[in-house]
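J.: Need coordinates for the following:
(chains A and B)
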Protein chains: 2
Amino acid sequence: MIWCGLDIATEFSEALSSRFDNISDANIASKPDVFFLCSQSTQSICLSFIDDCVGGIPESHILTIPDGDDAKNLSVCETIYTWLKDNNAQRSSLLINIGGGALCDVGGFCASTYLRGIEFWNIPTTLLAMVDASVGGKTGINLGHYKNYIGTFSTATYIFITPHWLKTLPQNEVLSGWGEVIKHGILLGGKAWTQVQQPIPNANDHQAWLGILDWNIKIKSRIVNADFEEKGQRKLLNLGHTIGHALESYCLDQEKPIPHGFAIAWGLVMESALATKSSPKVEATESLHQTIKSIVEGLYDPIHFGEADIPALMNYIRADKKNNHDKLLFSMAFAPGECDFNISESAEAVIQVLIQYVGHTN
Amino acid sequence: MIWCGLDIATEFSEALSSRFDNISDANIASKPDVFFLCSQSTQSICLSFIDDCVGGIPESHILTIPDGDDAKNLSVCETIYTWLKDNNAQRSSLLINIGGGALCDVGGFCASTYLRGIEFWNIPTTLLAMVDASVGGKTGINLGHYKNYIGTFSTATYIFITPHWLKTLPQNEVLSGWGEVIKHGILLGGKAWTQVQQPIPNANDHQAWLGILDWNIKIKSRIVNADFEEKGQRKLLNLGHTIGHALESYCLDQEKPIPHGFAIAWGLVMESALATKSSPKVEATESLHQTIKSIVEGLYDPIHFGEADIPALMNYIRADKKNNHDKLLFSMAFAPGECDFNISESAEAVIQVLIQYVGHTN
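T.: Numbers count the residues shown, from 1 in each chain, chains lettered A, B, ... in the order given. Purely as a prediction, here's the structure:
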């Protein structure tokens, strides 16, 4: 169940009381079966808030892991598993993930594999996690710099989304989430597509954000529910991600990591350029590409790579999880709201687009 | 699908050709998408045999991991994941696990989490793996000495079982598998229960073994199919395992590891003693206990522990995955073929039984 609203304190307390229906109050200390995973960033702000509304979380039931992708590896998983075991977490236990996309990904993965699966809830605290990572039942960690290579399909039974946390985020974090909002706008078309061409609302404009969060959650949920295990149309959600993930992994290799959504934003630009080559409606796709380019150039710093870096980028593109044998498969938008998946492209066509963007982004 | 028979060469080749239906012969070298995981023991005998029947497995598509539980940890998982990634295993790839229970457990776990799940087949090569570990869709690794604490429910799409390998096994390996055969005999009652009171057939008596394998696979499959995720009656398969796992973990702590089935055999003896305390038909349960005890004493070395070791054993029993909060929950047989699960027992009753067996096994 996905809840999106302003009064998270009430919603969360009630959900917890109802989950542990043998206990009448919301006091956490009397619920030995709840475990809280948070990150260095979310511990002070978000966890304190949750603690205030439900009262007295025992310290041993809180684990703080590194922020961002530094947490998405097997070593942090081992820390989480051991913490759960040392504190007698059982099959009936509940893990609550409070944090950004990386935290929800690793927390969900551990919950879905600890004792072959315990229940977990997500409280996403970044825009990226609210509109994307916390919703849809994909959990995962990285294998070296290969993104989400290890994971499960496993759904959080409750997700609590509130714009309340947005004002606590640095601007880069909001921009990173906005990369996925742009993607959803392209997929949905219509009013959503119009909205992503407007300026990003102020973090305190809760009403504007409630509207944006609402359609983002809806488009993602609709696609995920139709194809949970990504056999077909769920691949649409990978729009911009084939090149985007390659850019992200490549920058990590260079020890110049960039936020996920920045990579996706530039991935959307480059993949829409690629789409013009095989589009059944070239003019509409060219216009879409130009609009995406103008949105992204207006919001995001360029990503620096040269022609000499293209072989490394191509290695990552070839390792994309969607590929089948030697075919490079892309999800593509030909116009706002008109998208398709499993579009095969030649390595040459992809290289051409990358070369084109050496100039634009360097 | 579970196949059990003698001509594994033909069955396996045909299955492989049919899986890769775009390729007309069985030659593995032309199937870039098949990966073979084997153990130090199975590499020379079983893998060579498979290689002979399907021809030319590329070396990079074979990974050899340590024998037994030494492979069931996150570090070996990382080795497996990295091998798959380095050799371009994709979502369409197939992992074939050739080995005992531990290998099938860790291979299945990695397959079910690599790229969020690729297909895997099992070729169990020990009796334990044939009658238990390879069947039923539980994958897993250990967390320290805590058995199978990490895992997934994920089913091998094909399992090839043949008594052909039994003659390659040391006697301890056959005895270890026989511990689970005894458990299945208790669960099933009737002819199966009679059979486990007879001597273990010679490894070359393929017809006798085909019969035994057949009813073992059937009882396990029937219970698993009725309750895949172990919400209820699948817990019956944990007969003997609450105390058995504790004995196994405890011996590992003492750096005197014992085979899984030895621990289960003694677990069956002690848990049937426990069952006499809460049985609705005390006489039948007492008789069952005496028969189990006599079978196990006739086949297995005693496990050495003293009264001073009981707190350590109780810690493992309290950490059993079946427990709910502070309740110690057991699966129990009250007579052959008459079993129940979620039977709550006090710590005192369990300790009494353990004390009773200090004398018997020391």
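J.: buried residues in the lengthiest helix in chain A?
T.: Within chain A, and with DSSP state H defining each element, the longest helix by residue count is helix A:206-226. By 16 or more other Cβ atoms under 10 Å in any protein chain shown, the buried positions in helix A:206-226 come out as A:206, A:208, A:209, A:212, A:213, A:215, A:216, A:217, A:219, A:220, A:223, A:224. In short, each C-beta sits where N, CA and C put it, glycine included.
J.: Helix, strand, or coil at residue A:140?
T.: strand (DSSP: H, G, I helix; E, B strand; the rest coil).
J.: re earlier: output the buried residues of helix A:206-226 as CSV; include the columns pLDDT and distance to chain B.
T.: Shown next, in CSV, are the buried residues of helix A:206-226 (pLDDT from 0 to 100; distance: Cβ to the nearest Cβ, whole Å):
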residue, pLDDT, distance to chain B
A:206, 97, 35
A:208, 97, 35
A:209, 98, 31
A:212, 97, 28
A:213, 97, 26
A:215, 96, 26
A:216, 97, 22
A:217, 96, 21
A:219, 94, 21
A:220, 94, 17
A:223, 94, 16
A:224, 94, 13
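J.: sorry, back to before: what is the helix or strand just after the longest helix of chain A packed up against?
T.: Counting by DSSP states H and E, the next helix or strand C-terminal to helix A:206-226 is helix A:241-253. Contact analysis of helix A:241-253 by 3 or more Cβ pairs under 8 Å, 6 or more residues apart in numbering or on different chains; DSSP states H and E lists strand A:146-153, helix A:260-278, helix A:310-318, strand A:328-335, helix A:347-361 as its packing neighbours.
J.: and with 7 Å instead?
T.: Counting contacts by 3 or more Cβ pairs under 7 Å, 6 or more residues apart in numbering or on different chains; DSSP states H and E, helix A:241-253 packs against strand A:146-153, helix A:260-278, helix A:310-318.
J.: Report the rounded mean pLDDT for that helix.
T.: Helix A:241-253 shows a mean pLDDT of 94.
J.: Next: stretch A:172-183.
T.: On average, stretch A:172-183 scores 97.
J.: what does that stretch contact?
T.: Residues outside stretch A:172-183 that contact it (Cβ atoms under 7 Å, 6 or more residues apart in numbering or on different chains): A:126-128, A:130-132, A:166, A:196, A:200, A:203, A:212, A:216, A:239-240, A:259-262, A:264-265, A:268, A:295, A:299-300.
J.: Which residue is it, in the stretch 151-300 of chain A, that comes closest to chain B?
T.: Nearest residue of the stretch 151-300 of chain A to chain B, counting by Cβ to the nearest Cβ: residue A:151, 4.6 Å away.
J.: nearest to residue A:185, of the helices and strands packed on helix A:241-253?
T.: helix A:260-278 (10.1 Å; Cβ to Cβ).
J.: so the closest one versus helix A:347-361, what angle?
T.: Going by axes from the mean of the first three to the mean of the last three Cα atoms, to 10 degrees, helix A:260-278 is angled at 130 degrees with respect to helix A:347-361.
J.: Check which helices and strands helix A:260-278 sits against.
T.: With contacts taken as 3+ Cβ pairs under 7 Å, 6+ apart, helix A:260-278 sits against helix A:171-188, helix A:241-253, helix A:282-299, strand A:328-335, strand A:338-345, helix A:347-361.
J.: centre of the chain versus that helix, how much separation?
T.: Counting by Cα atoms, centre = their mean, to the nearest Å, helix A:260-278 is centred 17 Å from the centre of its parent chain.
J.: Quick check: phi and psi on residue A:303?
T.: Main-chain torsions, residue A:303, degrees, to the nearest 10: phi -100, psi 130.
J.: Which residues are in contact with it?
T.: By Cβ under 7 Å, 6+ apart, the neighbours of residue A:303 are A:247, A:251, A:258, A:266, A:361.
J.: Skipping its backbone neighbours, what lies nearest the second one in space?
T.: To tie it back to what came earlier, the one meant is residue A:251. Leaving aside its sequence neighbours, residue A:251 sits nearest to residue A:258 (Cβ to Cβ, 6 or more residues apart in numbering or on different chains; 4.8 Å).
J.: Surely the one you found and residue A:248 touch.
T.: Yes - contact criterion Cβ atoms under 7 Å: residue A:258 and residue A:248 qualify, at 6.4 Å.
J.: ok, these two, which is more surrounded?
T.: For residue A:258 versus residue A:248, the count of surrounding residues by other Cβ atoms under 10 Å in any protein chain shown is larger for residue A:248: 26 against 21.
J.: quick one on the thing from earlier: with distance to residue A:230 as extra columns, can I get the helices and strands packed on helix A:260-278 in CSV?
T.: Listed next are those as CSV, based on distance: least, Cβ to Cβ, whole Å:
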stretch, distance to residue A:230
helix A:171-188, 15
helix A:241-253, 12
helix A:282-299, 24
strand A:328-335, 11
strand A:338-345, 10
helix A:347-361, 21
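J.: and residue B:82, which of those is closest to it?
T.: Of all the helices and strands packed on helix A:260-278, helix A:241-253 sits nearest to residue B:82, with 15.1 Å by Cβ to Cβ.
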